[in-house]
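Participant: Next input, structure requested:
(4 chains)
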2 protein chains.
Amino acid sequence: MTKTKAQYEARAQIARALAHPTRLLLLDALADKDLCVGEMTELVGADQSTVSKHLAILKETGFLQMEKHGAMNVYSLRCQCLEQFFGCIESVLRQKVQAQQELVEI
Amino acid sequence: MTKTKAQYEARAQIARALAHPTRLLLLDALADKDLCVGEMTELVGADQSTVSKHLAILKETGFLQMEKHGAMNVYSLRCQCLEQFFGCIESVLRQKVQAQQELVEI
DNA sequence: CTTAACTATGGCGATATGGCCATCTGGAAA
DNA sequence: TTTCCAGATGGCCATATCGCCATAGTTAAG
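Facilitator: Purely as a prediction, here's the structure:
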């Protein structure tokens, strides 16, 4: 049951990659279709270097893969597990709302 | 498809709660049975105040609930979605290993 | 080769996170 | 009440994260 410290650290690193709104937005967008850095920069509305760094994190973690098309770098999803992740997140959010409602209704 | 900035922020906050090895350990242990702060402090091997703060984060986020038993505070899981979350994490880890292997085998 | 377009990277300041120590709070027992 | 015990909270320092700017690297076009 209890894993080693290194195992928890490895899992935490994956989770950290998902712990930023911009990176969640990028994953969401890439679930729809592959995109190049320029398109995502416009979508996010931040500096190009900022977006590039977020993409590097998602790529290093294993969520994304990159393919060069001329001067453009096209990113795409490399994992099919995001549904599971977001399912958990949504579940927690719904439960939170429910807890708030119960406090009001009493 | 594309959600609002606030929605991504809310999801990122949930993910941040999962982005620390100690908190993953705590969730793992609590999946087995309910525990009080003292037990978890011993399990983690950090300062009591450190553990207490981690628990506060997990509680605020909605992953845990707390029940007072005399002077002891007993924490328990409040969500049933961690399987999904860990499923995603494990999937990414496996894929990472596979990618490393492919690099070696070429 | 030179230029222009597209990305990646280094650096820096601002902010957030994590750890421990010290302290405060609340409940149980003497 | 006084005393302990279990936890929670505030403070402080070290480190990590994040954003932008500036710049370097890469590829296609002229």
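
Participant: elements contacting the lengthiest helix in chain A?
Facilitator: When chain A is parsed with DSSP state H, its longest helix is helix A:82-105. Applying 3 or more C-beta pairs under 8 Å, 6 or more residues apart in numbering or on different chains; DSSP states H and E, one finds that helix A:82-105 contacts helix B:5-17, helix B:82-105. All C-beta atoms are positioned from the backbone trio N, CA, C, and that covers glycine.

Participant: buried sites along the last one?
Facilitator: In other words, helix B:82-105. Buried positions in helix B:82-105, judged by neighbour count with 16 or more other C-beta atoms under 10 Å in any protein chain shown: B:Leu82, B:Gln84, B:Phe85, B:Phe86, B:Gly87, B:Cys88, B:Ile89, B:Ser91, B:Val92, B:Leu93, B:Gln95, B:Lys96.

Participant: The second one against A:Gly87, yeah?
Facilitator: Put plainly, it is B:Gln84. Yes. Using C-beta atoms under 8 Å, B:Gln84 and A:Gly87 qualify as a contacting pair, with a distance of 4.9 Å.

Participant: Helix A:5-17 and the longest helix of chain A, what's the angle between them?
Facilitator: With axes from the mean of the first three to the mean of the last three C-alpha atoms, to 10 degrees defining the directions, helix A:82-105 sits at 80 degrees from helix A:5-17.

Participant: neighbouring contacts of helix A:82-105?
Facilitator: Counting by C-beta atoms under 8 Å, 6 or more residues apart in numbering or on different chains, the neighbours of helix A:82-105 from elsewhere in the structure are A:18, A:27, A:31, A:63, B:10-11, B:14-15, B:61-63, B:78-82, B:84-85, B:87-89, B:91.

Participant: Understood, closing this out.
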